[in-house]
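S.K.: I need the structure of the sequence given here:
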Amino acid sequence: MPPIGERHEGRWARARLSGLPLVLSVLAAYGMFRVGAVVWGVVRDGLPTSSLGWSAFAGDTAAAGQALAVVGLLAVPRLRGWVSAGVIAAVGIGAALFDAGLWAAVGGEGEGVSRHARQLVLAVGFAVFAAGLCRWRIGWALRSDGSYDLAAVNRVLRRTAGCAVVLAAAAAGAMVAVDRPGVPDRLLSTVAALGIACAASAVLVLLPIIGEQRREERETAMAAVFEGLERYSADEVLPDERQGHGGPRE
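M.R.: Modelled structure (predicted):
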């Protein structure tokens, strides 16, 4: 528990600084792994020879670039800005959407639905992370003192998860109703998988938010108790001290 009188954002600032090396290491390792996978694919199979192969290559390259760009934003604060967040979001999400859309249009073998849904969720996740680092259009999640409003973030994540579940259910129902192989089936299956992945991602992010909210509530309650005890002790001690300084009692 933080000392009495210390605000929650002070502990958040220390926690961010203490966890920064680990976050940088994990993201850098992920980015280098994606770069290595792209390079190894080219070495093993050569350059792509089809439009679907080129779109997959562009999506994988953009995913690797997103991770490394976020590492750069974390390591160098002066790089943070609206332009940086916009470029990271546009390149990552655009490449993932193009790859998924082309696959849905022309078909293809491989991981298929799961791969494209995973790529889209990762692209959106990195884009949101970059926007958060750059403080881009997240005024709804900030208090006037600059700390994060966890209750607002909680509400947004719950609504996101609920909408994603509804979207996945609607797409799955449409797949059963339409029952037409080809573009509609691939498109609906991609939307269903994307909804499930988004809902799972929102829940995974929501769990630590809920835990942090409960910890803040406990700390606030304990701080209020200790402050009350301090005031009570001051009220009891100060009169005796004044009598001692003013002379003996009559």
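
S.K.: so what's R118 up against?
M.R.: Taking CB atoms under 8 Å, 6 or more residues apart in numbering, we find R118 in contact with A197. Bear in mind the C-beta positions are built from the backbone N, C-alpha and C, glycine included.

S.K.: how near is it to V153?
M.R.: In this view, R118 and V153 are 23 Å apart by CB to CB, to the nearest Å.

S.K.: do T190 as well
M.R.: Look at T190 and V153: by CB to CB, they are 28 Å apart.

S.K.: Those two: which has the busier surroundings?
M.R.: When T190 and V153 are compared for neighbours, T190 comes out ahead with 22 against 18, by other CB atoms under 10 Å.

S.K.: Now do the helices in this structure.
M.R.: 8-45, 51-75, 82-106, 113-133, 150-178, 183-246 (DSSP state H).

S.K.: can you list these in JSON lines and add distance to S144 and mean pLDDT?
M.R.: Shown next, in JSON lines, are the helices of the chain (distance: least, CB to CB, whole Å; pLDDT from 0 to 100):
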{"stretch": "helix 8-45", "distance to S144": "11", "mean pLDDT": "74"}
{"stretch": "helix 51-75", "distance to S144": "25", "mean pLDDT": "88"}
{"stretch": "helix 82-106", "distance to S144": "21", "mean pLDDT": "87"}
{"stretch": "helix 113-133", "distance to S144": "18", "mean pLDDT": "84"}
{"stretch": "helix 150-178", "distance to S144": "13", "mean pLDDT": "86"}
{"stretch": "helix 183-246", "distance to S144": "17", "mean pLDDT": "77"}
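
S.K.: who touches the nearest residue to S189 once chain neighbours are set aside in this structure?
M.R.: Excluding its sequence neighbours, the residue lying closest to S189 (CB to CB, 6 or more residues apart in numbering) is V113, at 4.9 Å. Neighbouring residues of V113 by CB under 8 Å, 6+ apart: 186, 189-190, 193.

S.K.: mind redoing it with 7 Å?
M.R.: 189-190, 193 (CB atoms under 7 Å, 6 or more residues apart in numbering).

S.K.: separation between it and G81?
M.R.: From V113 to G81 the distance is 36 Å (CB to CB).
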